[in-house]
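K.L.:
from the sequence below, what's the structure:
(2 chains)
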Amino acid sequence: MKEKPNYTEAFEELQEIVSEIERGDISVDELSDKVKRAAVLIKICKNKLAATEGDVIAILKELESNDTPG
Amino acid sequence: MPEKISDRTIFSLSEVTRSIQKTLSERYTRTFWVKAEMNRLNRYPQSGHCYPDLVEKLEGKIVAEIRSTIWKDDFQRINDNFLKVLHEPLKSGINILFCAKISYNPVHGLSLSIVDIDPSYSLGELEKEKQLTIEKIRQEGIFNANKSLKPELLLKRIAIISVDTSKGYSDFRAVLDGNEWGYQFFHMLFPSLLQGEHAVESILGQLDRIRKVICHFDAVAIIRGGGGDVGLTCYNHYELSRAVALFPIPVITGIGHSTNETVAEMIAYKNAITPTELADYLIQRFHNFSVPLGKAQEFIIERFSSRMREEKLRVLNAVRYFKSVTIANLAAGRSHIQHELSALAQQTDYLVKRRRHDHALILSGLQKNNQMLILRCSQHVSQTAYELKKEVISFLKAGSISLGAIEKNVDLVDPKNVLNRGYSITLVNGRVLKSAGDTVEGTILKTILADGEIISVTTTINKTDQP
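P.N.:
I've put the predicted structure just below:
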């Protein structure tokens, strides 16, 4: 269980938790922790959907430095 | 009639077009057979007439292009023939052999008026080139290379190969950036020609640039829109198709045309007919992620609360049960104690009574015994007292007899009586003289007699031999 999973991992872990809950594999003792974890994962995933990524200026700079003739 | 102004003959436009029309109609009097590619059929459903774009290409480049017309009735007949021979309707993107007449209209310009098309001359050069490309790509085993990539769940960072002014590009952006779910896409334009003879090298150039910064992107979108269907041959080009197939991240296409799928589109990770549809596809991928996410959230909340309700109920039931059992046990215990208590009281009462009775018995016995004992004791005491008295009297009697005898004896030994009988006591230095040996000549002697003392000095000592 990584602290900062990427969203694919987060999503997979989340689905694992869901199926665990579905199967009733989780005891009440664990349930609270699992739900907390699921909340973190959902947050990561949701953030991913709405996060702004990428920086055109940085990419352009990289392109310029790569565009040197040769 | 043309005007004459300072040596120049000036024609009106209609005079020119009339002249062209006249020349052409005199020069081209009959129909003839022509082969060409019909890039686009351009059929107008309302009128039923078609205005096909005809081209000829040499090594993939267009070397001739002309508009044409097929009137409604001709089209019906030709189309029926096509359906009969090819099992397909007359459509864009095929090579045709047609019978036509050159026609010129002063307003609509030059065109070929098609009266018949030979359906047996079916597959056009475009198709041949396309098939060739597909063949080569398949032989290299890379036809599905781009399709079988396993990209990120979300394709959210998009490198766009398009033209800034293209309607397709702006449609694409509008859908992505204006999505109502707040999904955030990052996109960057890599401007390129998208049709015509330079499109291949232009697109290839941009693919190379993207490759240099590929870590910033999840997918490449080739977006075109608003242009006609002519000039799409570049997407059947082998080099371009190969580059798309081998590109390390998904290439998605929204080239925006209604003709057959080009090879690049076939090979692309995803092809959508229009840029808008392509943008919808990207958003759909977000949905595919977001919807299960939301469902998972709901599910977890629902299951969690129902599970907690169940547990609470279980605990509550356990508490209730515990309570009722406890109360029952307490009641049972209490009644048991009560029972024991009353038994104890009874027992105690009985015992106390019995003891009391015993005591009474003992006491009465004791009293009887005591009286007897006292009686006996008192008898004993009076007997003893009597005997004591007797003894004392006899003792006293005997004592007085012996006392008289003793008194006599005492009188006999009293020195005074002895002295009176003629005896004396001689003292030396205050001490009684008992032996002649205790004196020497000259010793002063004190002699005590009954009626006085004599002091004398020793002159002679004669010892008697007595033991």
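K.L.:
how close does B:Pro415 get to chain A?
P.N.:
127 Å (Cβ to the nearest Cβ, to the nearest Å). Heads up, the C-betas are built off the backbone N, CA and C, glycines and all.
K.L.:
okay, now that residue: neighbour count?
P.N.:
12 (other Cβ atoms under 10 Å in any protein chain shown).
K.L.:
tell me the residue of chain A that sits nearest chain B?
P.N.:
A:Gly54 (3.4 Å; Cβ to the nearest Cβ).
K.L.:
longest strand of chain B?
P.N.:
The longest strand of chain B (DSSP state E) is strand B:94-105.
K.L.:
coming back round to it: which SS state does the residue of chain A closest to chain B fall under?
P.N.:
Here A:Gly54 is recorded as coil under DSSP: H, G, I helix; E, B strand; the rest coil.
K.L.:
thinking again about what came up before, tell me the buried residues in the longest strand of chain B?
P.N.:
Buried residues in strand B:94-105, counting neighbours by 16 or more other Cβ atoms under 10 Å in any protein chain shown, are found at B:94-100, B:102-104.
K.L.:
what does chain A put close to chain B?
P.N.:
A:7-8, A:11, A:14-15, A:17-18, A:21-22, A:28, A:31, A:35, A:38, A:42, A:45-46, A:48-54, A:56, A:58-59, A:62-63, A:66-67 (Cβ under 8 Å from any Cβ of the partner chain).
K.L.:
what pLDDT, on average, does the helix or strand hosting B:Arg173 get?
P.N.:
Following DSSP states H and E, one finds B:Arg173 within helix B:167-177. Averaged across helix B:167-177, pLDDT comes to 91.
K.L.:
give me the phi and psi for the most centrally placed residue in chain B.
P.N.:
The centroid of chain B falls nearest to B:Ile300 when counting by Cα atoms, centre = their mean (11.8 Å). B:Ile300 adopts backbone torsions of phi -60, psi -40, taken as degrees, to the nearest 10.
K.L.:
look at it and report its pLDDT.
P.N.:
Reported pLDDT for B:Ile300: 87.
K.L.:
how about it, nearest residue that isn't a chain neighbour?
P.N.:
Spatial nearest neighbour of B:Ile300, excluding adjacent residues (Cβ to Cβ, 6 or more residues apart in numbering or on different chains): A:Ala38 at 5.1 Å.
K.L.:
equivalent analysis for B:Ala100, please.
P.N.:
Excluding the flanking residues, the one nearest B:Ala100 by Cβ to Cβ, 6+ apart is B:Leu112, at 4.1 Å.
K.L.:
for whichever strand or helix holds that neighbour, what is the average pLDDT?
P.N.:
Under the criterion of DSSP H and E, B:Leu112 resides in strand B:109-118. Averaging pLDDT along strand B:109-118 yields 90.
K.L.:
pull the distance from the helix or strand that that strand is followed by to the chain's centre.
P.N.:
Downstream of strand B:109-118, the next assigned helix or strand under DSSP H and E is helix B:125-139. When distances are taken as Cα atoms, centre = their mean, to the nearest Å, helix B:125-139 is centred 54 Å away from the chain's centroid.
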